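Participant: Kindly return the folded structure for what I paste below:
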Amino acid sequence: MEQSTYFTSKNTKIRGTLTLPDNINKPPVCLFVGGSFPQTRDGNLDNSKKDWFPVTLPDRNLFKDEAKLFKKLGYATFRYDKRGCGESEGDCDHVGLFTLVDDAREAIKWLKTLPEIDNNRIGILGQSEGAVIALMLAAENLDLAFYIWQGGVYNNLETILKWQRDNFWKLEQDAIENFKNTFPLMYWVYVKTDELCDKIKQGNTNLTLGDETWSKELDFLIWKQHFDYPPFEFISKVKCPVLLLHGDLDHNTPHTEALLATEALKKAGNTQVKTHIFPGLDHSFRRLGNPDEDFVTAMKRPLDPEVTEAIRQWFSN
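Facilitator: Numbers count the residues shown, from 1 in each chain. As a prediction, the model looks like this:
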């Protein structure tokens, strides 16, 4: 069963979908937390934000597909439109990292009030930036049953941006031009990476990116908070079971971030850590035809069955 519902965070309605497995009384539940930029509950970029995405990008339905998997495994899930995205209220252009953490925290508090689920078995899954948000909550010792990292980061955002930038400019010129047309925001971030990082560290609050064909003013609030609060500062505090999933062809966050996180978790004494690095998979766990394949093409492919099997096996142990 699926039902559209909402919780309230900072006087703002955050709307999402609660999925319940069939014929299970009070199942455990997993909260899904989406990644960076405007995203909807199903794990798709919010194409209605034309100033962010002037070209309509394919729906990958990552969270929608994973909710179906969790339902088969006997788990309820709640996935939500990020603040200011989809049907949720708020402003996605000027939101900070800590506000997004607050939203996820309020979602957990709300889940604890639901009579349909087991309030003592609540876990959290985060994708990309959502993996950082979920990590910060897991570090708070909220009695979480588990934490699932999908394509997350261990180092701070500046390190990741410069890694992305350096790899981007190694692509063939056709791939670079296609990326400029389909995702101009990140193209211009890579053009201006050094200037952007310098301005953030100097205390500037924004930077206008683009040219005469596309431009956008980028608010630095969330970027600054990512710079100042890297994930490695939180990871040693996570004591619940952790599943780390990462594609080895991830162009957004290197798979070595998962290995660093795994090492740090174990060094801190967490003995319940399982890590999967999937050969040939990208940031959204799509199988690439070649290592430099256009990410838009890959988004049209299904969630790779190796990922679903890894999740299935982890929950069965």
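
Participant: Run through the strands of the stretch 1-150 of the chain in chain order.
Facilitator: Using DSSP state E, counting those that start in this stretch, the strands of the stretch 1-150 of the chain run over 2-9, 12-19, 29-33, 76-80, 122-127, 147-150.

Participant: Any chance of those in CSV with mean pLDDT and mean neighbour count as columns?
Facilitator: Where you see a C-beta, it was placed from the backbone N, CA and C, and this is true even at glycine. Below are the strands of the stretch 1-150 of the chain laid out as CSV (pLDDT from 0 to 100; neighbours: other Cβ atoms under 10 Å):
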stretch, mean pLDDT, mean neighbour count
strand 2-9, 96, 15
strand 12-19, 98, 20
strand 29-33, 98, 28
strand 76-80, 98, 26
strand 122-127, 98, 25
strand 147-150, 98, 28
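
Participant: Distance to His94 for those - can I get that in CSV?
Facilitator: Output for these, formatted as CSV (distance: least, Cβ to Cβ, whole Å):
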stretch, distance to His94
strand 2-9, 16
strand 12-19, 13
strand 29-33, 20
strand 76-80, 19
strand 122-127, 22
strand 147-150, 26
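
Participant: So Lys216 sits against Phe53, correct?
Facilitator: No: using Cβ atoms under 8 Å, Lys216 is not in contact with Phe53; the gap is 10.5 Å.

Participant: can you give me the helices in the stretch 201-317 of the chain?
Facilitator: 221-228, 256-267, 295-299, 305-316 (DSSP state H, counting those that start in this stretch).

Participant: what does the shortest one contact?
Facilitator: Outside of helix 295-299, the residues within contact range by Cβ atoms under 8 Å, 6 or more residues apart in numbering are 57-60, 178-179, 182-183, 251, 282-284, 286-289.

Participant: before we move on, back to that, shared neighbours of Lys216 and Phe53, which are they?
Facilitator: Contacts common to Lys216 and Phe53, judged by Cβ under 8 Å, 6+ apart, are Leu185.

Participant: Give me the nearest residue to Pro184, chain neighbours excluded.
Facilitator: Once flanking residues are discounted, Pro184 sits nearest to Trp214: 4.5 Å by Cβ to Cβ, 6 or more residues apart in numbering.

Participant: whoops, Pro241 was the one
Facilitator: Using Cβ to Cβ, 6+ apart and skipping the chain neighbours, the partner closest in space to Pro241 is Gln272 (3.9 Å).

Participant: For the one you found, give its distance to Leu265.
Facilitator: Applying Cβ to Cβ, to the nearest Å, the value for Gln272 to Leu265 is 9 Å.

Participant: Now for the two: what residues contact both?
Facilitator: Common neighbours of Gln272 and Leu265 (criterion: Cβ under 8 Å, 6+ apart): Val242.

Participant: For these two, indicate the residue with more neighbours.
Facilitator: Leu265 (22 against 13; other Cβ atoms under 10 Å).

Participant: helices and strands of the protein: which one has the lowest mean pLDDT?
Facilitator: Least confident helix or strand, the chain: helix 295-299 with a mean of 81, by mean pLDDT, DSSP states H and E.

Participant: how far out from the middle of the chain is that one?
Facilitator: 17 Å (Cα atoms, centre = their mean, to the nearest Å).

Participant: now swap in stretch 229-245 and tell me
Facilitator: On Cα atoms, centre = their mean, the centre of stretch 229-245 falls 15 Å from that of its chain.

Participant: ends of it, how far apart?
Facilitator: 22 Å (Cα to Cα, to the nearest Å).

Participant: Can you tell me what sits against the longest helix seen in the chain?
Facilitator: Criterion DSSP state H: the longest helix present in the chain is helix 97-111. Helix 97-111 has contacts (Cβ under 8 Å, 6+ apart) with 7-10, 14, 16, 29, 31, 33, 78, 80, 82-83, 117, 119, 122, 124, 129, 132-134, 136-137, 140, 142, 144, 221-222, 225-226, 229.

Participant: Just the pLDDT for Asp294.
Facilitator: Note for Asp294: predicted pLDDT of 76.

Participant: Domains of this protein: list them as residue ranges, please.
Facilitator: As assigned by automatic domain parsing, the chain contains the domains 2-155+230-316, 158-225.

Participant: Highest mean neighbour count out of these?
Facilitator: domain 2-155+230-316 (a mean of 19; mean count of other Cβ atoms under 10 Å).

Participant: end to end, how far does that one reach?
Facilitator: End-to-end distance for domain 2-155+230-316, by Cα to Cα: 24 Å.

Participant: same deal with stretch 206-222?
Facilitator: End residues of stretch 206-222 are separated by 11 Å (Cα to Cα).
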